[in-house]
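In: Everything below, folded, please.
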Amino acid sequence: MEDVPYGRILREGWVVIVVLAVFGAGMGWLVTKMLPETYAATSTLLLRVDSTEASLFERNQFSLARIKSYPPLVDSPEVIDAVRDDLDLDDDEYPDRDIRRMVSAENTADTVLLVVRADAPTAQLATDIANSAATHLSELIGETENDEDDARYTVALDQVLPAVAPLAPISPQVTAITGLGGIAGLALGAIVAVYRTTTNRRLRTISDVRRSSGLPVIGQIPRRSRLRQDANSGAAVAYEEAAGNLVALAGGGVRTHVVVPATGDAMDDEAVAGMLEAQRLIGATACVVDTRESHVKGRGRTLNEVLEGEPISTGEEADAVFVADDPIPLEKLVSELPDIIAAMHEDFDVVVVLCDPGASALIEKLVGPGSGVIINVKHNSTSATDLVAVTTRLRVMGVRPVGVVMLHTGSRSLGSIAESWRISDRDPVLAGTGGSHARSD
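Out: Prediction:
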């Protein structure tokens, strides 16, 4: 079973994780603003029992036993109606059912304290209801427990801690809900990041290429910046490094580079210009022959003219890119192009031939001593399936590609290519085909 690439998941998905975590926290905060606020205020009453006959201990025991029966009385009609009258509350807006839901009372265990609590949409209303309910509950207890004809004992509920306006609502709990939203977003982001990485078949790293095809990576070419021209030096260095890596893997005698783009976007005008510049930097002249129907921009003679017998050289060999103005049958390319390439080697040290993956007959005809096949892929665009299909097709034909060039990678990819090579990546057959075409100066 393949290990889960946690480091890669975090590296590729941290933006998704952070965005969803922030989004979840933001949604949690918005939910708290949509929920109605509730404020709570409490008023504390103390039960006092006076008696001319009972001892202090007896009065204390009576108080502890008696106060447990008082909390339900806060919902009595006498208290509810009195609260509504005190605060001048509308009967339709605040019916008995709603006021009972807003008011509660609780006896603290093993004490003679009775805490009356009121929950209301505003701090002032909660305070007023708590104080009013405490006052009228005290009056109700006094009227119920005391007898004017019997003065041996007196029961009174005294308000010792009046309710004060709360500073903050008890609900919704903004911090808790916002935190839960952030945690939910973080979890969702992690799930999305894991799913994207484990199911993503697009080629992003050297390991992806190696795992899919078993081939080494020759070069990683970063994207060119359209805004900062001074940042494009990395691409030139990458092309030069790729040219040097090709010599290291295949030897210096490979003068015909058969480039097979795994997908249509894996070769463009910038890549062609970069390949030509790389050969110039290592001291070699080069030209490009694009045999594909969707070809790059041509410079110099057209491929049709060359096949018809026109001279190859126009005096501008450094920028020679041969493309077909009109479609050329594959049979004609198979029969005539090898001789044309041999003639081109009289004017150019290196000839780069671009072929469609499906042009098996042409690729097979071009492969031979002094030639090597290179597969081009586009970073985060070409899928592993595309690369596997091209690699398998070539291997069935008996062709061993030299390696893979990755286009449009990140600038930080430079310098990590040779570390991924294996001893078996160097083709001894290609490496022994002859001396280098590059100048030694």
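
In: C-alpha from now on. contacts and neighbour counts both.
Out: OK.

In: what residue ranges in this protein are flagged as low confidence?
Out: Residues of the chain meeting the criterion pLDDT under 70: 1-4, 151, 225-233, 314-319, 411-416, 428-441.

In: Which elements pack onto the lengthiest strand in the chain?
Out: Secondary structure of the chain per DSSP state E: the longest strand is strand 39-51. Counting contacts by 3 or more C-alpha pairs under 8 Å, 6 or more residues apart in numbering; DSSP states H and E, strand 39-51 is packed against helix 56-66, strand 113-120, helix 123-145, strand 153-161.

In: Give me the sheet partners of it and which way each runs.
Out: Strand 39-51 pairs in its sheet with strand 113-120 (antiparallel), strand 153-161 (antiparallel), by DSSP bridges.

In: okay if I get these as a markdown table plus distance to residue 138 and mean neighbour count?
Out: Shown next, in a markdown table, are those (distance: least, C-alpha to C-alpha, whole Å; neighbours: other C-alpha atoms under 10 Å):
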| stretch | distance to residue 138 | mean neighbour count |
| --- | --- | --- |
| strand 113-120 | 10 | 24 |
| strand 153-161 | 5 | 17 |
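
In: which residues does residue 275 contact?
Out: Counting by C-alpha atoms under 8 Å, 6 or more residues apart in numbering, residue 275 makes contact with 239, 243.

In: And it, how close does it get to residue 153?
Out: Applying C-alpha to C-alpha, to the nearest Å, the value for residue 275 to residue 153 is 108 Å.

In: looking at the strands paired with strand 39-51, which is closest to residue 387?
Out: For the strands paired with strand 39-51, the distance to residue 387 is smallest for strand 113-120, at 66.9 Å, taking C-alpha to C-alpha.

In: Mind listing residues that contact that closest one?
Out: Under C-alpha under 8 Å, 6+ apart, the answer for strand 113-120 is 38-47, 67, 71, 102-108, 126-127, 129-130, 133-134.

In: which among these end up buried?
Out: Listed as buried from these are 38-47, 67, 71, 102-107, 126-127, 129-130, 133-134; burial here means 16 or more other C-alpha atoms under 10 Å.

In: returning to that earlier point: redo the helices and strands packed on strand 39-51 as TSV? Include distance to residue 283.
Out: TSV is the format used below for the helices and strands packed on strand 39-51 (distance: least, C-alpha to C-alpha, whole Å):
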stretch	distance to residue 283
helix 56-66	103
strand 113-120	85
helix 123-145	83
strand 153-161	94
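
In: What does the nearest residue to residue 265 once chain neighbours are set aside show for phi and psi?
Out: Nearest residue to residue 265, sequence neighbours excluded (C-alpha to C-alpha, 6 or more residues apart in numbering): residue 378, at 6.8 Å. Note on residue 378: backbone dihedrals following degrees, to the nearest 10 are phi -110, psi 130.

In: Residue 378 reaches residue 387, doesn't it?
Out: No - Residue 378 sits out of contact with residue 387 when judged by C-alpha atoms under 8 Å, with a separation of 10.3 Å.

In: Give the buried residues for stretch 11-19.
Out: Neighbour-count burial for stretch 11-19 [16+ other C-alpha under 10 Å]: 12, 13, 16, 17, 18.

In: Which of the helices or strands spans the first one?
Out: Using DSSP states H and E, residue 12 sits in helix 6-34.

In: wait, what's in contact with the closest residue in space to residue 45 that isn't next to it in sequence?
Out: The shortest distance from residue 45 to any non-neighbouring residue, by C-alpha to C-alpha, 6+ apart, is to residue 159 (4.4 Å). Shown in contact with residue 159 (C-alpha under 8 Å, 6+ apart): 43, 44, 45, 46, 134, 135.

In: where exactly do the helices run in this protein?
Out: For the chain, helices defined by DSSP state H occupy the ranges 6-34, 56-66, 77-87, 96-102, 123-145, 174-199, 206-213, 233-250, 269-281, 303-307, 330-344, 360-366, 384-396, 428-431.

In: CA atoms of the third one as PDB?
Out: Output in PDB follows, covering the C-alpha atoms of helix 77-87 (Å, rounded to 0.1, in the frame of the first residue of the first chain):
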ATOM      1  CA  PRO A  77     -50.200  33.800  37.700                       C
ATOM      2  CA  GLU A  78     -49.700  36.400  40.500                       C
ATOM      3  CA  VAL A  79     -46.100  36.900  39.700                       C
ATOM      4  CA  ILE A  80     -46.500  36.800  35.900                       C
ATOM      5  CA  ASP A  81     -49.300  39.300  35.900                       C
ATOM      6  CA  ALA A  82     -47.500  41.600  38.300                       C
ATOM      7  CA  VAL A  83     -44.400  41.600  36.200                       C
ATOM      8  CA  ARG A  84     -46.400  42.500  33.100                       C
ATOM      9  CA  ASP A  85     -48.100  45.300  34.900                       C
ATOM     10  CA  ASP A  86     -44.900  46.600  36.400                       C
ATOM     11  CA  LEU A  87     -43.100  46.800  33.100                       C
END
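
In: If you count neighbours, what's buried in it?
Out: Neighbour counts over helix 77-87 (16+ other C-alpha under 10 Å) mark 79, 80, 81, 82, 83, 84 as buried.
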